[in-house]
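Colleague: sequence and computational prediction follow.
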Amino acid sequence: MDVLITLATGVSFVYSAVVVLVSLATRDPRSPKTFFETPPMLLIFVCLGRWLEQIAKGKTSEALAKLISLQATEAVLVDLDANGKVTGERKVALELVQKGDVIKVIPGEKIPVDGRVLEGSSTCDESLFTGESMPVVKEPGSLVIGGSLNQNGRLLVQATHVGSDSALAQIVQLVEEAQTSKAPIQQLADNVAGYFVPVVVVISIFTLIVWVVVGYVRYELLDTPHHLASGHNVHEVIWQLAFKFAITVLCIACPCALGLATPTAVMVGTGVGAVNGILIKGGEPLEIAHKINSIVFDKTGTVTCGTPRVTHIELVDKLSFSVDQLLALAGTAESCSEHPIANAIVHHAKQVLNVDQLGRVADFSAVPGFGLKCSVSGLDKVLGNSQESANHHQSNGLRIMEVGRNLPDSCNVLIGNREWMRTNGIEVSEAMYRVMEDHEDRGHTAVLCAVNNRLQAMLAATDRVKAEAHLAIYTLKKMGLDVMLLTGDNRKTAEAIARQVGITTVFAEVLPSHKVAKVKQLQRNGRRVAMVGDGVNDSPALAQADIGIAIGTGTDVAVEAADVVLIRNDLLDVVATMALSKKTVHRIKVNFVAATIYNLIGIPLAAGLFMPFGVQLQPWMASLAMALSSVSVVCLSLLLKRWRKPGRNQLMTRSYISDYRDEMNQSSPVAVYCGLDDSSLTAESPRPKQKPLAQRIWKRLERRRRMDGVNLGVERDRLLASDGDSWSQSDDDDCLNRMETSLV
């Protein structure tokens, strides 16, 4: 735009100066027609437009200003004695607070830094971080966010993250980077702007030439009777009118409107997202999100709460240890694992044994997707505090078998799935297989525990599905997205969870290293994939997906790898992310259309094409229109601030309630694919109806197959493809004989 303004003011001044000099040289008694008023008026309107534009653009970053204003400037540092009592306090600048310092926060004050509550209870307003209007209860052990408002209680907080490591500082940095980054659609505007100025200059020159030719060929077309009446000659009138139209074209053409269409919308969109607890790392993910047609959810910690609990312990008939000893061994072994099921076993062991610390672990090794093995010792003190464990077992309906045997000083412990036991030479009985299958059919995760090379028990744990999961997935499907579940859990557990939340496509038994391969596989099939996860094992898939969405309560690695971070642990924010992306891209397109229409109408109007209808612009009018065009585009972007995140009450429509009831009454088919293979459908629900005997045969032979590693694919297909209504006893016998023969 600066080039066009410079040309317009320069041409106006040079033309006017030349006309004046010619008039002086020829001693013309008439006053020449000049454009000396055009440069100052043009510059005034340009400055006015830029001032208005800066005011409007400032409003696009109000969200960032709000976040920055949350930062406290001072903190009350307290000193504690050995008993945890306050011995002194002093007010220091926030920059002097170090990790581990204890801060006092009184009601009505902002919490200076991220930390953990040591003493006191209160509620905190975290609405500007999470978008949640309800205050959050804080008690000893609760985490607090620096910048949130302490409402009604005194708190002692130990600093965990300070300075640039705090959540507020990182959020501000992410929003700043997002608002200054370019969306891919901006490249179109840049390319157009690159050709825009030369094209406008050519149009201006062409306008000058055309009107000069028209003036000399058909002078009567020029609407200039007042000029002739004032004594101006024909040549002066023609050139003055031609230059006026040429200068007006330079003044009215505005590439800035095209250039502002995308960045202003991105600034407002990312700011609105940040206020609502959705951190979008730049314009690119904000734009790409609306193109997503497949969204893949991790199970543990994403669709489920991520905190499973032990619900059942099945012991072998000839148990070598007491229940207390077995729990101590399993809990100690799992204490070195980061898997959620391991955390559930550790928590259950500590709760039952009434201890805070378990035994010692040596020679620990774990294979992701299979299990762990280690050596456990030092359990004498642990077992000394477990006198009430039997009552706890009975109150939870667990089977108890107390065996009065001394525990060896060191035990070798293996915990994992069936394949892990088979790999390590541990024999698993058919009865135990049946128990595991029963729990897996109900969506539980079952693991086996062996001590000193002998199977001792099976532990079943389950993870509660998030309350909003079904509503979020239903809404995403209504938006036209294919929703899938990707998990390392076994097929039956994954299928049970999928049925609860309404997902019909499941990829189960996928190793952590294969999750990224599954995402690539979907992308090779022409899909635009979004991945939603929270764990370290999800980070490669989050980075590989077209859009990676991380739950803010997840690991730092997952948050770093993702393109979008949801501060709240709420799956409805995934719906909000997609809705915000669609709204922002729609606003960008509206801005482009408005800027394009302005130039398509404005340039012909400035060139004098509408002069036969009595409509023509003066250069100062064109400069005012040019300035207002940029302001109008920014104002259109500001309309994004009216966007509101869809809430649960808004999404829970009558249609949803009706569909949910129908789904509960009639189960939908679920396609389950194991590992990286998706060539065959293995869901139970799409299969034809089978007689109970045929089902029992298949389950029994499936257990034999797992134990012996025999492939029964051909006979399985024959059994599953059969017509259940015509399946007879002779068919059962024939199928059984064929399968038994293949096992030999």
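Modeller: Nice, I can see it. Numbers count the residues shown, from 1 in each chain.

Colleague: need the phi and psi values for Val113.
Modeller: Reported as degrees, to the nearest 10, the phi and psi values for Val113 are phi -140, psi 160.

Colleague: which parts of the stretch 251-400 of the chain are helices?
Modeller: 255-275, 283-288, 323-334, 340-353, 380-383, 389-395 (DSSP state H, counting those that start in this stretch).

Colleague: closest one to Ile209 among these?
Modeller: Comparison of these against Ile209 by Cβ to Cβ identifies helix 255-275 as nearest, at 23.2 Å. All C-beta atoms are positioned from the backbone trio N, CA, C, and that covers glycine.

Colleague: helices or strands up against the closest one?
Modeller: On a contact count with 3 or more Cβ pairs under 8 Å, 6 or more residues apart in numbering; DSSP states H and E, helix 255-275 meets helix 38-60, helix 62-69, helix 167-180, helix 186-217, strand 278-280, helix 283-288, helix 572-606, helix 619-638.

Colleague: make it 6 Å
Modeller: Helix 255-275 makes packing contacts with helix 38-60, helix 62-69, helix 167-180, helix 186-217, helix 572-606, helix 619-638 when contacts are defined by 3 or more Cβ pairs under 6 Å, 6 or more residues apart in numbering; DSSP states H and E.

Colleague: elements contacting the next helix or strand after the second one?
Modeller: Using DSSP states H and E, the next helix or strand after helix 62-69 towards the C-terminus is strand 74-80. With contacts taken as 3+ Cβ pairs under 6 Å, 6+ apart, strand 74-80 sits against strand 86-93, strand 102-105.

Colleague: most tightly packed of the ones you listed?
Modeller: The highest mean neighbour count among these, using mean count of other Cβ atoms under 10 Å, belongs to strand 102-105: a mean of 23.

Colleague: what residue ranges in the stretch 601-744 of the chain score low on pLDDT?
Modeller: Low-confidence segments of the stretch 601-744 of the chain (pLDDT under 70): 667, 676-744.

Colleague: hey, where'd the helices end up in the stretch 401-550 of the chain?
Modeller: Assigned by DSSP H, counting those that start in this stretch, the stretch 401-550 of the chain shows helices spanning 418-423, 430-441, 469-478, 491-501, 512-524, 539-544.

Colleague: returning to that earlier point: any chance of a markdown table for the helices and strands packed on strand 74-80, columns distance to His161?
Modeller: Compiled in a markdown table, the helices and strands packed on strand 74-80 are given as follows (distance: least, Cβ to Cβ, whole Å):
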| stretch | distance to His161 |
| --- | --- |
| strand 86-93 | 17 |
| strand 102-105 | 12 |
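
Colleague: mind checking which of those is nearest Phe297?
Modeller: Nearest of the helices and strands packed on strand 74-80 to Phe297, taken as Cβ to Cβ: strand 102-105 at 37.2 Å.

Colleague: note down every partner strand of that closest one and its orientation.
Modeller: strand 74-80 (antiparallel), strand 155-161 (antiparallel) (DSSP bridges).

Colleague: CSV please, covering those strands and showing mean neighbour count, mean pLDDT and distance to Gly194.
Modeller: Shown next, in CSV, are the strands paired with strand 102-105 (neighbours: other Cβ atoms under 10 Å; pLDDT from 0 to 100; distance: least, Cβ to Cβ, whole Å):
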stretch, mean neighbour count, mean pLDDT, distance to Gly194
strand 74-80, 17, 88, 50
strand 155-161, 21, 90, 44
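
Colleague: could you dump those into JSON lines with distance to Ala594 added?
Modeller: JSON lines is the format used below for the strands paired with strand 102-105 (distance: least, Cβ to Cβ, whole Å):
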{"stretch": "strand 74-80", "distance to Ala594": "47"}
{"stretch": "strand 155-161", "distance to Ala594": "44"}
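
Colleague: those strands: which one's closest to Val296?
Modeller: strand 155-161 (30.6 Å).

Colleague: what's the closest one in contact with?
Modeller: 97, 99, 101-105, 113-120, 122, 144 (Cβ atoms under 6 Å, 6 or more residues apart in numbering).

Colleague: now do 8 Å
Modeller: 78, 86, 97-105, 111, 113-122, 138, 143-144, 146, 167 (Cβ atoms under 8 Å, 6 or more residues apart in numbering).
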